[in-house]
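Student: Got a predicted model here, sequence first, then my questions.
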There are 4 protein chains.
Amino acid sequence: MKLDHTARGVFPIAPTPFLPDGAVDTKSIDTMCDFYFSAGATGLTILGIMGEAPKLDADEALAISRQVIGRCEIPVIVGVSAPGFAAMRNLARAVMDAGAAGVMIAPPPSLRTDDQIVTYYHNAIEAIGGEIPFVIQDYPLTLSVIMTPAVIRRIVMDLPSCVMLKHEDWPGLEKISALRAFQREGSLRPLSILTGNGGLFLDFEMERGADGAMTGYCFPDMLADVVRLSNDGKRDEAHDLFDAHLPLIRYEQQQGVGLATRKYVLQKRGAIAHDAQRAPAGKLTETARAEIDFLLRRLAKHDPRAHF
Amino acid sequence: MKLDHTARGVFPIAPTPFLPDGAVDTKSIDTMCDFYFSAGATGLTILGIMGEAPKLDADEALAISRQVIGRCEIPVIVGVSAPGFAAMRNLARAVMDAGAAGVMIAPPPSLRTDDQIVTYYHNAIEAIGGEIPFVIQDYPLTLSVIMTPAVIRRIVMDLPSCVMLKHEDWPGLEKISALRAFQREGSLRPLSILTGNGGLFLDFEMERGADGAMTGYCFPDMLADVVRLSNDGKRDEAHDLFDAHLPLIRYEQQQGVGLATRKYVLQKRGAIAHDAQRAPAGKLTETARAEIDFLLRRLAKHDPRAHF
Amino acid sequence: MKLDHTARGVFPIAPTPFLPDGAVDTKSIDTMCDFYFSAGATGLTILGIMGEAPKLDADEALAISRQVIGRCEIPVIVGVSAPGFAAMRNLARAVMDAGAAGVMIAPPPSLRTDDQIVTYYHNAIEAIGGEIPFVIQDYPLTLSVIMTPAVIRRIVMDLPSCVMLKHEDWPGLEKISALRAFQREGSLRPLSILTGNGGLFLDFEMERGADGAMTGYCFPDMLADVVRLSNDGKRDEAHDLFDAHLPLIRYEQQQGVGLATRKYVLQKRGAIAHDAQRAPAGKLTETARAEIDFLLRRLAKHDPRAHF
Amino acid sequence: MKLDHTARGVFPIAPTPFLPDGAVDTKSIDTMCDFYFSAGATGLTILGIMGEAPKLDADEALAISRQVIGRCEIPVIVGVSAPGFAAMRNLARAVMDAGAAGVMIAPPPSLRTDDQIVTYYHNAIEAIGGEIPFVIQDYPLTLSVIMTPAVIRRIVMDLPSCVMLKHEDWPGLEKISALRAFQREGSLRPLSILTGNGGLFLDFEMERGADGAMTGYCFPDMLADVVRLSNDGKRDEAHDLFDAHLPLIRYEQQQGVGLATRKYVLQKRGAIAHDAQRAPAGKLTETARAEIDFLLRRLAKHDPRAHF
């Protein structure tokens, strides 16, 4: 079941569950997979930036991938970004052998010119092999690499194994429109576009032509609902639900605090047993936890899933 | 009427009104000043990043400052950030002579170490003179300069003319708490903290100890209401009003598109005659304008001020 | 006498002479101009980064430009880089009215994509007017903007008033070769290429096709000699002279310390009366001054111009 | 034989030898080790940035380390910089078990504030264990992390296992003086300082108080000579030899081209069998190779070791 350009819906960016002592919480990996499946996820993305991937060693990354792939009945995308191509190739091939649907590759922060970015993806695909479906991760806020729509088009048209864009530019609404316009004019082949940024613009991203969301917001079920309502043309219902969650989406969007918030709520929801991060860990203060609890109580008035 | 550490409420970051041909729209400067005063502003900040200050030449910057100061009955803070101290000093002294309440200084993006940042403010104040009240602009997202709470404390304690922090770190809630904790323990003298980031976290920033907002959201009257409700302890009312505006706050928060959004709404509200920016200008597409109109219609159900 | 693509030889980057109290040292401006002329300069570039341009206010920048232009019998290029186009246009037009040969424009550090860079130059030339000859300053080490040869070609081919590249990429030898290859294949029109980086690679830059040097090394007479020897095909003589200066060129290349070194030697050589910089100033320690003196003594064995 | 603060002399930064097909050239690892030993190296540093470390996978990195440690009779320092602490710990512990003398740790480019840098080293040492001697790599030009002398002092004084600074700031002469002054005043404990930057300032670095060099210039024997001559007080002899090499040192200093130059000369000198880099590889053009050959011919007049 390999990933292709028809992928749609919600591919949550899964966190990596840890025990309080920093070991991987293998038991929670299973409950987390089940949680995402029940929430309506159509796929799952692991070992992304929010998955604390750089904190794992090579063996751990592979073991986690195997467990998730084994547990999930939906396609699994594995983040294989690495400082060098040897490590990237090793992980990419191993997870594909284990049954992954595809891999995701982020550009290293040192890239600047258009040609450097395109060349990087050429080199990466030469390293991992052209038969592995891959996702471009376009996340300038964290990676400081800026890809124009034309650069994304060059990568997609040059490299047939590119099937998806994880769209996380900011601002990015016009970028979706530009890419879809390329397709209408025939200069870009079909491409799945799933959006990130914690879902902060999902309401309008769907209207601009996104196929769904690939982000880690702690209510993936809401993401799935908004995608569905939007696809069904129920615009106001989509926005009503989205707006009810926006105060929490916004809170979770804070860098550093964001992952702690996410794990805190996922623990409350029973998806994982602990909200621990591996060191160095972002931590919630008492005040922050109280703020999140307050937001959940307010949210519960509109969405009973926030009621604990 | 010089600025001091007791400043509170809302100091909107004012845009600079332009005519469609790029000339300064002096007529709109007056209507804009009146608009902000009617909206409940307790002060006004001009020539900030969102005020397109770098697009103005020295004479224009001074002329605008004089007109705003002459029109406003509230304290006016003027942004005097510049690549060099000669230009900074000239503008700072001229606007103080014209009746400004104080000036705001952002660190140049090249600063890295703690000592470089503190030294920069020492040099800046040596250049403009120690008698001019000044505001530290702490805006890492755009300026890429990261000031720890301890660095801010060093600047405040070293330089008596520092009276205010424009707090715009992200995430920044814990920073407000840290600074207020410094004050409780006696290591930091009184300091006004007004928050930015388009108001995206104003609800909780007030609860953490902010004195108000210094940001350019197109409904300054809402910012004033949230500050007042929060000060009055009406927590749920504050959040209800804030949440109703959050979809638009979020939309306006997009870099580049943000200022265009802001001017578009301010024009609709009659504050300025044109939503023009001086070149190079961020522009709204038809789709973007329709999205903003849609957000305003939804907002109008909760806040009649959004009804046009 | 407007600058065009036939410009050759040495256009020293002139420092701005200051008095010890920080005022502009107008008397030294004249002696400095005479010094550069006697040293064999074929042109002069003022108000560059090494000219402490950002420390000057608009009136000072114009006054210095007028004095230099009035004193020099060779073409003068004025750096007009500015955070905004209003200031850039004002200075560019005023110095051209005063008799400047052309202006130099550096891209702002925030530019990333190829299109952003090209668009910036389009906007800049729209602002200053297409009749003013301009120089592209390509200096990634300090500006963090990376222009590929193809991007430079786009700027040159789009904008007829572009007549020169101040080449300061690092490494940059292949860039000169690439641009000259573009010209041989007919895709790039004639362009003067003068090189920077303190002269650190001038020996090979000439061999790769540079037309000369535009840099501030404290022995412009040596730069002129190397350019001449290289043009005359006296390869070993060119390298012998260059190598004798390399220890000092290398010393002067240190960022921050570099300008202090340069002014210290220029003062010794009688070009300027004081080695003062306007605050904030890089300063030489006693040890650094002794190191420079030691280098000069060693250099004097090969080049009597270093004998004081 | 663990590394301590008394380390002196030359610890070359060794490249990683590859076969033309990109496989590790294990045979050349032995010849290279012997070459460095014969050249007068007092230690060896492997898996640094110039060692193409990020291009190796975990198993390769360990295998290379073991081979080098087994072959060398001098202390070996292994670069263990990694995006996360799990990978860093694994490699650090494995190479220490294999007999390494210590490890080198560079800060990740995202660090900004003084506290972030110090905390990073605390976390790294907590991860690898406090019994492993480590070297701070201070290389702002490539890493964009700026450590003041005071920050280095905090790291050294907080963490007893810190025994050495790889000094590669630029400019950096005053930094050596500042650290040695800290020691004289008693605020900093003994620390070995070896300098990098391709040796470009080794002449004066020794005079400022460096203990030697840790850099990859293709004539480590010259580095060893300059260190010895400088230690013996033979100042002019040290500079004479250094100056003869400076044109080539300077050429090798070009980023990207530098490693290709280095491997090209090391191959000529018989240290390694191939000048291949693993993809993505910087390559020398014909012109560049001719330039290096020209520099070697000129150098051979002063230093017979450059005669091939």
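Tutor: Cool, got the structure. Numbering: from 1, shown residues only, chains lettered A, B, ... in the order given.
Student: Pull the number of nearby residues for the residue in the stretch 1-150 of chain A positioned nearest to chain B.
Tutor: Nearest residue of the stretch 1-150 of chain A to chain B, counting by CB to the nearest CB: residue A:141, 8.5 Å away. All C-beta atoms are positioned from the backbone trio N, CA, C, and that covers glycine. By other CB atoms under 10 Å in any protein chain shown, 13 other residues sit near residue A:141.
Student: Just the pLDDT at the residue of the stretch 151-300 of chain A found nearest chain D, thanks.
Tutor: Residue nearest to chain D within the stretch 151-300 of chain A (CB to the nearest CB): residue A:280, separated by 5.0 Å. Residue A:280 carries a pLDDT value of 90.
Student: cool, and residue A:25?
Tutor: 98.
Student: That one against residue A:15, yeah?
Tutor: No: using CB atoms under 8 Å, residue A:25 makes no contact with residue A:15, being 10.3 Å away.
Student: so where do the helices sit in the stretch 1-150 of chain A?
Tutor: A:26-38, A:58-71, A:85-97, A:114-128, A:140-143, A:149-158 (DSSP state H, counting those that start in this stretch).
Student: Using a markdown table, please lay out those helices together with distance to residue D:104.
Tutor: Shown next, in a markdown table, are those (distance: least, CB to CB, whole Å):
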| stretch | distance to residue D:104 |
| --- | --- |
| helix A:26-38 | 34 |
| helix A:58-71 | 21 |
| helix A:85-97 | 19 |
| helix A:114-128 | 26 |
| helix A:140-143 | 26 |
| helix A:149-158 | 35 |
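Student: For chain D, find the nearest of those.
Tutor: helix A:85-97 (4.1 Å).
Student: send the alpha carbons of that closest one over as PDB?
Tutor: These are the backbone C-alpha positions of helix A:85-97, laid out as PDB (Å, rounded to 0.1, in the frame of the first residue of the first chain):
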ATOM      1  CA  PHE A  85      22.200  10.800   3.000                       C
ATOM      2  CA  ALA A  86      23.700   7.600   4.400                       C
ATOM      3  CA  ALA A  87      21.500   7.800   7.500                       C
ATOM      4  CA  MET A  88      18.500   8.900   5.400                       C
ATOM      5  CA  ARG A  89      18.900   6.000   2.900                       C
ATOM      6  CA  ASN A  90      19.300   3.400   5.700                       C
ATOM      7  CA  LEU A  91      16.100   4.500   7.500                       C
ATOM      8  CA  ALA A  92      14.100   5.000   4.300                       C
ATOM      9  CA  ARG A  93      14.900   1.600   3.000                       C
ATOM     10  CA  ALA A  94      14.300  -0.100   6.300                       C
ATOM     11  CA  VAL A  95      10.900   1.400   6.900                       C
ATOM     12  CA  MET A  96       9.800   0.700   3.400                       C
ATOM     13  CA  ASP A  97      10.800  -2.900   3.900                       C
END
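Student: Can you point out the buried residues in that helix?
Tutor: By 16 or more other CB atoms under 10 Å in any protein chain shown, the buried positions in helix A:85-97 come out as A:85, A:86, A:87, A:88, A:89, A:90, A:91, A:92, A:93, A:94, A:95, A:96.
Student: Do the worst-scoring helix or strand of chain A on mean pLDDT and chain D come into contact?
Tutor: Least confident element among the helices and strands of chain A, by mean pLDDT, DSSP states H and E: helix A:140-143 (a mean of 87). No: Helix A:140-143 stays clear of chain D (CB under 8 Å from any CB of the partner chain), getting no nearer than 9.1 Å.
Student: Other residues contacting that helix?
Tutor: A:49, A:106-109, A:137, A:146-147, A:168-170, A:197, A:255 (CB atoms under 8 Å, 6 or more residues apart in numbering or on different chains).
Student: quick one: which of those has the most company?
Tutor: residue A:147 (27 neighbours).
Student: I'd guessed that one sits against residue A:138; true?
Tutor: Yes: at 5.2 Å, residue A:147 and residue A:138 qualify as touching, with contact defined as CB under 8 Å.
Student: rewinding a little: go through the contacts of helix A:140-143 and flag which are in strands.
Tutor: Among these, the residues falling in strands (DSSP state E) are residue A:137.
Student: residues contacting residue A:128?
Tutor: By CB under 8 Å, 6+ apart, the contact list for residue A:128 reads A:80, A:85, A:88, A:89, A:92, A:93, A:103, A:134.
Student: what do you get for residue A:96?
Tutor: Counting by CB under 8 Å, 6+ apart, residue A:96 has contacts A:103, A:132.
Student: now do 10 Å
Tutor: The contact partners of residue A:96, taken as CB atoms under 10 Å, 6 or more residues apart in numbering or on different chains, are A:2, A:65, A:69, A:78, A:80, A:102, A:103, A:128, A:129, A:131, A:132, A:133.
Student: out of these, which are inside strands?
Tutor: Judged by DSSP E, the contacts of residue A:96 include A:78, A:102, A:103 as members of strands.
Student: Of those, which is the nearest to chain C?
Tutor: Scanning the ones in strands among the contacts of residue A:96 for proximity to chain C, where the rule is CB to the nearest CB, the winner is residue A:103, at 25.3 Å.
Student: Verify the contact between the closest one and residue A:61 for me.
Tutor: No: using CB atoms under 10 Å, residue A:103 is not in contact with residue A:61; the gap is 11.8 Å.
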